[in-house]
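# Turn this into a model:
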Amino acid sequence: MLAPLLSGLLYGLCFPPHDLFLLGWLALVPLLWAWRQVGPAGGALLGTLAGAAGASVAVRWLLVPLTHAYGFPWPLALAFFAGIALYIGLFYGALGAVVSWLHRRQTPWPLLWVPAAWVAGELARARLGPGVPWLFAGHTQGELLPLVQLAELTGVFGISFLVVAGNQALVQVRRGGGLAPVLGVALAVGGALLYGGQRLAAVTAAEGRAAPLHVAVVQPNIPQREKWDRDRFVPAMRRLYALTQEALRHAGEPPAPPPDLVVWPETALTVDLEGAAPTLAPVLRLFAGTEAQLLLGAPRVLRGPAGEHVRNSAALFGADGRRLGVYDKRHLLPFGEYYPGWLTELPGLRPLVTRHMGETEFTAGGREPLLVAKSIPFVTTICYEAAYPELIAEGIAGGGRFLVNLTNDAWFEGSAGAAQHLAMARLRTVETRTPLVRAANTGISAVVAATGRTLGRLELDEQGVLAATIHPGPAGSPYTRWGDRFAIGCAAFVPLPFFASRWRRRGSPLGQRST
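Numbers count the residues shown, from 1 in each chain. The predicted structure follows:
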């Protein structure tokens, strides 16, 4: 029972703020060892404990918005947090049942099917229900740039496979399997690093040949408790005005060229976008006589025969002040932007939750044409959408050549949530081979090259402007064409060793009939 708790603790330490990424190569050893000792029911229990423990360590920052922004009393906040941790843990419980069942039947090649099963579990967690693609094993290695270049082929799942294989190799060595498993994984990781080093050099060289796009990211650093306060609206707009003026004026001084695109964070404008022309007029006048465009986040209220629909949107404005296009967020965050339907099935729970989180619910947008900056189409994501590679791959396949992520991580305050969010967004650049421009209200704003290398960033609770130059080249990668076929292939592979071993033991039925 201690093994899964130990693995959960070590696994949680692999992520920000601790970032002990090398620990990822042995954090799962206690859990994988314990799964060999129990049956399916025991494997499910141990997996659930490990998953819930790892989530509790890594996303303990969730208690900050629950108790501060939403004002949950501590008992309710802890119950809500425990529910999320348990939900994540159940996926590892299902994985544990499968792994323990296959071990009980002495299924050969565990060095292959154990990491394949792990990847299948991560894919299920990312795609089933609302999808929680957070805290994957591959995310632990974000700082090891040569290794994460593998993501252009397999997405984050290929990195997860290697990390879990490294843990499984140590388990097999402990069981007297010799050093062959470790040597095999070492060769695979060495090959991935060699490939990654070559791709880093090649992609960097290709970026140097692409036309530059100069961007300026505005980080206003407005605390969440002030953001929607009507008495604070005018000071907030004055701050955004001053920072935009700085972006257009000072970012153009040597050595930084004038920006082609100025980016505000998610819901930087806190009034209805459809009626915001008078509010935005002074800001948009700053762009007169320039060639720059402004991309900003704002809520948008659509009114029709069916009533009002509120969207979480991003709008692009030209230098002449005209609105050039709008993107509406497509993948909404449960509880943050909408309430799951099952909430009403539990008596008294919906009123209890909405008392703290409010009644307003957003509606999701549809697939719209890409926004275009300086004749270059780009993929827009808002907040948590950066965690979903399939959304971004779809946009790249539709012609996008760089990524923009508008977010408001002020909910996390000074916790590790913002750093974890950025780490996943960075990985999207490698998967799609496109640079990223990320504007966050209170940080962490960043500009990232197509290799995953950070070109510049503004830290948490910092107010300012980040000027940088990106090179949007030909977009796309094998991952944007193949999608999650590697992960799907892993799921299909898991039962094959079991059936192959049974077939060998019983002999070929065809061979028996022929004799």
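# which stretches of the stretch 301-450 of the chain have low pLDDT?
342, 344-349, 352, 355-357 (pLDDT under 70).
# so how far is R350 from E308?
20 Å (Cβ to Cβ, to the nearest Å). Just so you know, the C-beta spots here come from the backbone N, C-alpha and C atoms, and that holds for glycine as well.
# Who has more neighbours out of the two?
When neighbours are counted by other Cβ atoms under 10 Å, E308 and R350 differ, and R350 comes out ahead with 15 against 9.
# Does the more buried one touch Y339 like I think?
Yes. Between R350 and Y339 there is a contact under Cβ atoms under 8 Å: 6.8 Å.
# S415 and V64 touch, don't they?
Yes. Using Cβ under 8 Å, S415 is in contact with V64, at 5.0 Å.
# beta partners of V263?
On the basis of DSSP bridges, V263 is bridged to V217, L295.
# before we move on, what SS does the closest residue to A468 other than its chain neighbours have?
Nearest residue to A468 in three dimensions, chain neighbours excluded: V447, at 3.9 Å (Cβ to Cβ, 6 or more residues apart in numbering). Here V447 is recorded as strand under DSSP: H, G, I helix; E, B strand; the rest coil.
# and if you look at C14?
C14 - assigned by three-state DSSP - is coil.
# Near it, how many other residues are there?
26.
# mind checking how far W74 is from Y87?
Counting by Cβ to Cβ, the gap from W74 to Y87 is 20 Å.
# neighbour count winner among the two?
Legend: neighbour count by other Cβ under 10 Å for W74 and Y87, higher for Y87 (16 against 10).
# Quickly find the element holding the more buried one.
Here Y87 sits within helix 74-104, counting by DSSP states H and E.
# Which positions in that helix come out as buried?
76-77, 80-81, 84-85, 87-103 (16 or more other Cβ atoms under 10 Å).
# Can you list the helices and strands that that helix packs against?
With contacts taken as 3 or more Cβ pairs under 8 Å, 6 or more residues apart in numbering; DSSP states H and E, helix 74-104 sits against helix 29-35, helix 40-58, helix 63-64, helix 110-127.
# Which of those sits closest to D19?
Set against D19 and scored by Cβ to Cβ, the helices and strands packed on helix 74-104 come closest in helix 40-58, at 11.3 Å.
# now that closest one, how far from the centre of its chain.
22 Å (Cα atoms, centre = their mean, to the nearest Å).
# export that helix as PDB, just CAs?
Presented in PDB, the C-alpha positions along helix 40-58 are these (Å, rounded to 0.1, in the frame of the first residue of the first chain):
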ATOM      1  CA  PRO A  40      -6.600  -7.200 -11.000                       C
ATOM      2  CA  ALA A  41      -8.600  -5.900  -8.000                       C
ATOM      3  CA  GLY A  42      -5.500  -5.100  -6.100                       C
ATOM      4  CA  GLY A  43      -3.900  -3.500  -9.200                       C
ATOM      5  CA  ALA A  44      -7.000  -1.300  -9.600                       C
ATOM      6  CA  LEU A  45      -6.800  -0.200  -5.900                       C
ATOM      7  CA  LEU A  46      -3.100   0.500  -6.000                       C
ATOM      8  CA  GLY A  47      -3.400   2.400  -9.300                       C
ATOM      9  CA  THR A  48      -6.200   4.500  -8.000                       C
ATOM     10  CA  LEU A  49      -4.100   5.400  -4.900                       C
ATOM     11  CA  ALA A  50      -1.100   6.200  -7.000                       C
ATOM     12  CA  GLY A  51      -3.000   8.400  -9.500                       C
ATOM     13  CA  ALA A  52      -4.900  10.300  -6.700                       C
ATOM     14  CA  ALA A  53      -1.600  10.800  -4.700                       C
ATOM     15  CA  GLY A  54       0.300  12.100  -7.800                       C
ATOM     16  CA  ALA A  55      -2.500  14.500  -8.700                       C
ATOM     17  CA  SER A  56      -2.800  15.700  -5.100                       C
ATOM     18  CA  VAL A  57       0.900  16.500  -5.000                       C
ATOM     19  CA  ALA A  58       1.200  18.000  -8.500                       C
END
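# Mind giving me the packing neighbours of it?
helix 2-12, helix 29-35, helix 74-104.
# between that helix and helix 110-127, how many degrees?
60 degrees (axes from the mean of the first three to the mean of the last three Cα atoms, to 10 degrees).
# quick one: buried residues of helix 40-58?
Result for helix 40-58 [16+ other Cβ under 10 Å]: buried residues 40, 42-58.
# Quick one: mean pLDDT for it?
Taken as a whole, helix 40-58 carries a mean pLDDT of 95.
# Am I right that A492 falls within a helix?
Yes. Per three-state DSSP, A492 lies within a helix segment.
# how close does it get to R485?
10 Å.
# coming back round to it: now the helices and strands packed on helix 40-58 in TSV, with distance to G456 and mean pLDDT?
TSV is the format used below for the helices and strands packed on helix 40-58 (distance: least, Cβ to Cβ, whole Å; pLDDT from 0 to 100):
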stretch	distance to G456	mean pLDDT
helix 2-12	29	94
helix 29-35	38	96
helix 74-104	33	93
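# Could you say which helix or strand holds A315?
strand 307-317.
# for the next helix or strand after that strand, packing partners?
Proceeding N to C from strand 307-317, the next assigned helix or strand is strand 323-328, under DSSP H and E. Packing partners of strand 323-328 (3+ Cβ pairs under 8 Å, 6+ apart): strand 293-304, strand 307-317, strand 371-373.
# where's strand 323-328 relative to the chain centroid, distance-wise?
Per Cα atoms, centre = their mean, the centroid offset for strand 323-328 relative to its chain is 23 Å.
# which residues touch that strand?
Residues from elsewhere that reach strand 323-328 (Cβ atoms under 8 Å, 6 or more residues apart in numbering): 273, 293, 300, 311-318, 364-366, 368-369, 371-372, 380, 382.
# residue contacts, the most centrally placed residue in the chain?
Centroid-nearest residue in the chain: A387, 2.4 Å away (criterion: Cα atoms, centre = their mean). The neighbours of A387, taking Cβ under 8 Å, 6+ apart as the test, are P133, W134, H421, M424, A425.
# Roughly how far does the fourth one sit from A34?
It stands for M424. Distance from M424 to A34, by Cβ to Cβ: 29 Å.
# who's more crowded, the two?
The neighbour comparison of M424 against A34 (other Cβ under 10 Å) goes to A34, with 24 against 21.
# Contacts only, for the more buried one.
Per Cβ under 8 Å, 6+ apart, neighbours of A34: A3, P4, L46.
# quick one: which of those is nearest to G12?
Looking across those and measuring by Cβ to Cβ, the closest to G12 is P4, at 12.3 Å.
# Distance of the closest one relative to L466?
Taken as Cβ to Cβ, the span from P4 to L466 is 42 Å.
# Between these two, which has more neighbouring residues?
P4 (28 against 23).
# Please determine how far the more buried one is located from A116.
Taken as Cβ to Cβ, the span from P4 to A116 is 21 Å.
# what's the angle from the helix holding Y87 to helix 40-58?
Using the same axes, to 10 degrees: helix 74-104 against helix 40-58 is 140 degrees.
# Next, the angle from helix 74-104 to helix 2-12.
110 degrees.
# in stretch 263-277, what counts as buried?
Buried-residue list, stretch 263-277, by 16+ other Cβ under 10 Å: V263, W264, P265, E266, T267, A268, L269, T270, V271, L273, E274, A276.
# Flag the shaky bits of the stretch 51-200 of the chain, pLDDT-wise.
Using pLDDT under 70, the flagged stretches of the stretch 51-200 of the chain are 176-177.
# rerun that using 80 as the cut-off
Counting by pLDDT under 80, the stretch 51-200 of the chain shows low-confidence ranges at 174-178.
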